[in-house]
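K.L.:
Here is a sequence with its predicted model. Questions after.
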Amino acid sequence: MSYLSTHFPSLILKSSLSLRKSSNFDALNSGFTNLELIALQKAWSTIEPRLRQLSTEILTDLFSEHYEIMDKIREDDGKLCNFEVINHIYWLLLLYGTIIKHNLTPMKTRKVVEPLTVQMGKYAMDLNSINIQLDCIKKHLLAKLAFALSPTTVAAFDRLNKNIIKHIFFKIKYYAK
């Protein structure tokens, strides 16, 4: 035992309690309750085998309603980046899957969201564009899960979208400086 722990046990207790309240502890917490995490993982196991089909459905729905988002995904010479347009939603779905399956902490989520943020910067997408895309994805996911949907699952997908948007917002704000 150390000198501090033998002579000042209350000091050790206070420091461990203050650690729990600090932002370092929050950085290790995914933000999902255990029930939300289980609901997300169960929902994802149902959706994951059909990701390609689902991404095509979402892509068609999203870009028919919000053509301006697709119009931003162009090369420097003005040509539409077909490969990236086709795969953009699929990559967002893979991002969801990574966060859900691995119960990522905010620090790890930030690293996973980083390539998306770089891609957004390349095509000058704003936060509103990403928010529209994530809402469309959530709408389709919840529609696919309609037969086994619970309020916990809906709340968990809302929280997941908010977490992704939060990380993108901070990254955009950082790059704007």
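P.N.:
Looks like it came in fine.

K.L.:
where are the low-confidence patches of the chain?
P.N.:
Across the chain, residues meeting the criterion (pLDDT under 70) sit at 1-30, 171-177.

K.L.:
May I see the buried residues of the lengthiest helix in it?
P.N.:
Counting residues, the longest helix in the chain under DSSP state H turns out to be helix 151-176. Going by neighbour count (16 or more other C-beta atoms under 10 Å), the buried part of helix 151-176 is 152-154, 156-157, 159-161, 163-165, 167-168, 171-172. Glycine gets a C-beta too; all of them are placed from N, C-alpha and C.

K.L.:
now swap in stretch 139-154 and tell me
P.N.:
In stretch 139-154, counting by 16+ other C-beta under 10 Å, buried: H140, L141, K144, L145, L149, T152, T153, V154.

K.L.:
So which residue is smack in the middle of this structure?
P.N.:
Computing the C-alpha centroid of the chain and ranking residues by C-alpha atoms, centre = their mean puts I164 first, at 3.4 Å.

K.L.:
ok, it touching L134?
P.N.:
Yes: using C-beta atoms under 8 Å, I164 is in contact with L134, at 6.3 Å.

K.L.:
re the thing from before, check the spacing between the residue nearest to the centre of the chain and Q53 real quick.
P.N.:
I164 sits 22 Å away from Q53, taking C-beta to C-beta, to the nearest Å as the criterion.

K.L.:
Residue ranges of each domain in the protein, please.
P.N.:
Listed domain ranges for the chain are 1-27, 31-176 (source: automatic domain parsing).

K.L.:
Burial-wise, tell me which of the ones you listed comes out on top.
P.N.:
domain 31-176 (a mean of 16; mean count of other C-beta atoms under 10 Å).

K.L.:
got the contact list for P151?
P.N.:
If a contact means C-beta atoms under 8 Å, 6 or more residues apart in numbering, then P151 has no contacts.

K.L.:
what does the one 10 residues further on give?
P.N.:
Residues in contact with N161, defined by C-beta under 8 Å, 6+ apart, are N131, L134, D135, K138.

K.L.:
Between which two of those is the distance greatest?
P.N.:
N131 and K138 (10.5 Å; C-beta to C-beta).

K.L.:
show me where this structure has helices.
P.N.:
In the chain, the helices defined using DSSP H lie at 3-7, 9-21, 23-28, 34-47, 51-65, 67-71, 82-102, 106-122, 127-144, 151-176.

K.L.:
Isn't H102 up against K108?
P.N.:
Yes: applying C-beta under 8 Å as the test, H102 and K108 come out as touching, 7.5 Å apart.

K.L.:
ok, and the closest non-adjacent residue to E68?
P.N.:
Nearest non-adjacent residue to E68, counting by C-beta to C-beta, 6 or more residues apart in numbering: S129, 7.9 Å away.
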